[in-house]
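>>> Need a 3D model of the following:
(one chain, ligands or ions: 1)
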Amino acid sequence: MQNDDIEFINCANVLKAIETDLNQPSRAQIAKYLGLSRTAVSMVVKKLIAANLVTELEIEKSGRGRPGTPLALDGSYWHAIGAAYSLRLWTFCVVNLNGQPILTHKEHVETTDQDETVEVLIRGLRHVESKVDKPLLPGYGIGPPGLIDPKTGTVFRADDMGWIKELPLKRLVEEATGKKAFIINRYRANGVAELTFGGHDLTKNIMYIGVGTGIAGSVYFEGTLLNSTKYRFGHMVIDPHGPLCGCGQYGCLQAMASEKALLSYAHAKMEEDPTFLASYADQPITAKLLIDLAEQGDVHAQSCLSHIASALGIAILTIANVIAPDEVVIGGPIGEASTFLVDEIRKAAYDHLLDWQVKALTISKGSQGDYGSVLGAAAFLLEQKMELLLGEGCPTIS
Ligand SMILES: [Zn+2]
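A predicted model of the protein is given here:
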C-alpha cells in the first residue's frame, strides 16, 4: 500500500476510530462515523485483524436485536521498544499496543560524551530485544535531550548536556541496528505519554511543558502533536536583560526556570543573606532538597520555586494570549515533583490573564512520573504502527 492510497488512508482512519475516537465500536458504527460504506469498513477491518492490529471482542447480549461485534486494538500481539535519556541513564521499555509495559531496563552512561551516550543506547536496545519473545514493531522510539529535527532525527544541540556538535542519532541507530529510529525530545515524549495515557480530553488543545535540566514544550491541536523544531519553547525570551542561555540569547525561559536557574537563585540568595537556607549551608543544595523543603513549608525554598514559577507563568500567559490552549500540563522531573511550583505557576499566569481567559485555561501537574519519557518514546513509535506494518514498501496483508 502506498501511503497516499485511499486504501491506506481508510485503514488509518478506521484504526484511529477504533483506537481513540470511538469506544469499542462495531463495523456499522465506524461506517456511520467515517461516512464509509459497511462493505468498505468490513474490508479494512479484515486487513487490520490480519495484521494483528485489531481484535474482535465478545458480544455482550443485552436488549433486542443482534448488536455488531465490538472492535478494539489487539494488545496481545505487537510490541514496541522505547528508550529515553535522563541524568546519565538510558531507560528502556517494551510496551504492547495499549501502552502497557511488559519489560523495563536501565543502562548507566558514565559521561555526557555523545559517542558514549549513543554506544550505551545501542547496547541497551540490543539487550532489550534479546529479552523479548513477542513480535516487535520494526523500529525504535527514542527520547534524547536537546533540540531535534523530526525529519532527519538529528539532535542539533543540547545545551544542558554541553552538546554543541550535531548528533545524527537516527542515522547512527539505523546503521547500527538495521531498523527505523523515530527520535523525539525526551520531554516532548513525556508529553506524548501524558496525552496518550493521562486521561486528557483529546478534542481539546493542550500544551505540555517539561521542566528539568532543560525546558521543552509540546503543543497538541485536537490530539495531534505539532512535532516541529520550529518552535523552541525553552528559548522563548522572558527577560532580554536576564541570564545568558546556552543558546547565546539572554533571558530565555530555560535560562530563567530550569534546574540550573533554580539552584543559581538559591546560591545567590544564600550569599546575599546568611540566614537564607542557613540550616542547609553545609550540604549540597539540590532541586530535590528545595522541592521537598518547599512542600514542607520552608519559606526560603518556596521563594526559590516562586522565582522560577514567575518566569514559567509569563511564558504560559504569552502562549495563552496567542494560541489559547484549553489546558497546560506542567511536567518534567521538577514540574511533576512539586505541587507548590505548579500552584505558583498557576498564580503567576492567572494574575495577568483576563477573567474569561482564566476560566478557559486549566493548569495542571503531569501524571506520568519519571517513566513518562520512555513510555512516551514507545508511544511515539506506536503512532507509526500503520506506516511500519502497512505503509509503503511493506507487504500488503490481504
Ligand atoms: Zn536560549
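
>>> what distance separates the one helix or strand His300 maps to from the centre of its chain?
His300 belongs to helix 299-323 when assigned by DSSP states H and E. Chain-centre distance of helix 299-323: 21 Å, with CA atoms, centre = their mean, to the nearest Å.

>>> tell me what that helix is packed against?
For helix 299-323, the elements it packs on are strand 206-211, helix 253-257, helix 259-272, helix 287-295, strand 327-331, helix 339-352, judged by 3 or more CB pairs under 8 Å, 6 or more residues apart in numbering; DSSP states H and E. From N, CA and C alone the C-beta is placed, and that goes for glycine too.

>>> The helix-or-strand element of the chain with minimal mean pLDDT pairs with which strands?
Within the chain, no helix or strand scores below strand 224-225, which has a mean of 76 by mean pLDDT, DSSP states H and E. Paired strands of strand 224-225, with direction, are strand 215-221 (antiparallel) (DSSP bridges).

>>> Contacts for the partner strand, please.
If you take CB atoms under 8 Å, 6 or more residues apart in numbering as the criterion, strand 215-221 is touched by 185-188, 191-192, 195, 205-210, 225-227, 231, 233-234, 253-254, 257-258, 323, 325, 332.

>>> count of neighbours near Lys165?
Using other CB atoms under 10 Å, Lys165 has 9 neighbouring residues.

>>> a strand runs through it, doesn't it?
No: counting by DSSP: H, G, I helix; E, B strand; the rest coil, Lys165 falls outside a strand, being coil.

>>> measure it to Gly153 for me?
With distances taken as CB to CB, to the nearest Å, Lys165 is found 16 Å from Gly153.

>>> Low-confidence stretches in this structure?
1-4, 61-66, 223, 227-230, 392-398 (pLDDT under 70).

>>> for the ion, what are the nearby residues on it?
His235, Cys245, Cys247, Gln249, Cys252 (CB under 5 Å from the ion).

>>> residue contacts, the second one?
Okay, so that is Cys245. Contacts for Cys245 (CB under 8 Å, 6+ apart) come out as Asp159, His235, Gly251, Cys252, Gln254, Ala255.

>>> Recalculate using a threshold of 10 Å.
Residues in contact with Cys245, defined by CB atoms under 10 Å, 6 or more residues apart in numbering, are 159, 234-235, 237, 251-256, 258, 260-261.

>>> what's the farthest-apart pair in those residues?
The largest separation in the contacts of Cys245, counting by CB to CB, is between Val237 and Lys260 at 17.1 Å.

>>> Looking at these two, which is more packed in?
Lys260 (19 against 16).

>>> I'd say the more buried one and Pro243 touch.
Yes: using CB atoms under 10 Å, Lys260 is in contact with Pro243, at 9.0 Å.

>>> got any residues that touch both of those two?
Shared contacts of Lys260 and Pro243, defined by CB under 10 Å, 6+ apart, are found at Gln254.

>>> The closest residue to Leu389 other than its chain neighbours: how many residues sit nearby?
Leaving aside its chain neighbours, Leu389 sits nearest to Ala51 (5.4 Å; criterion: CB to CB, 6 or more residues apart in numbering). Using other CB under 10 Å, Ala51 has 20 neighbouring residues.

>>> and what of the one 3 residues further on?
Neighbour count of Val54, defined by other CB under 10 Å: 21.

>>> wait, which of the helices and strands packed on helix 299-323 is closest to Ala360?
Closest among the helices and strands packed on helix 299-323, once you apply CB to CB, is strand 327-331, at 9.8 Å.

>>> Can you tell me what sits against the helix or strand that comes right after that closest one?
Counting by DSSP H and E, the next helix or strand C-terminal to strand 327-331 is helix 332-335. Outside helix 332-335, the residues that touch it by CB under 10 Å, 6+ apart are 86-87, 186-187, 190-191, 208-216, 257-259, 262, 287-288, 290-291, 305, 308, 312, 329, 341-342, 345, 365-366, 369-370, 372-373.

>>> how does it look with 8 Å?
Taking CB under 8 Å, 6+ apart as the rule, helix 332-335 contacts 86, 187, 190, 209-212, 215-216, 259, 262, 287, 291, 341-342, 365-366, 370.
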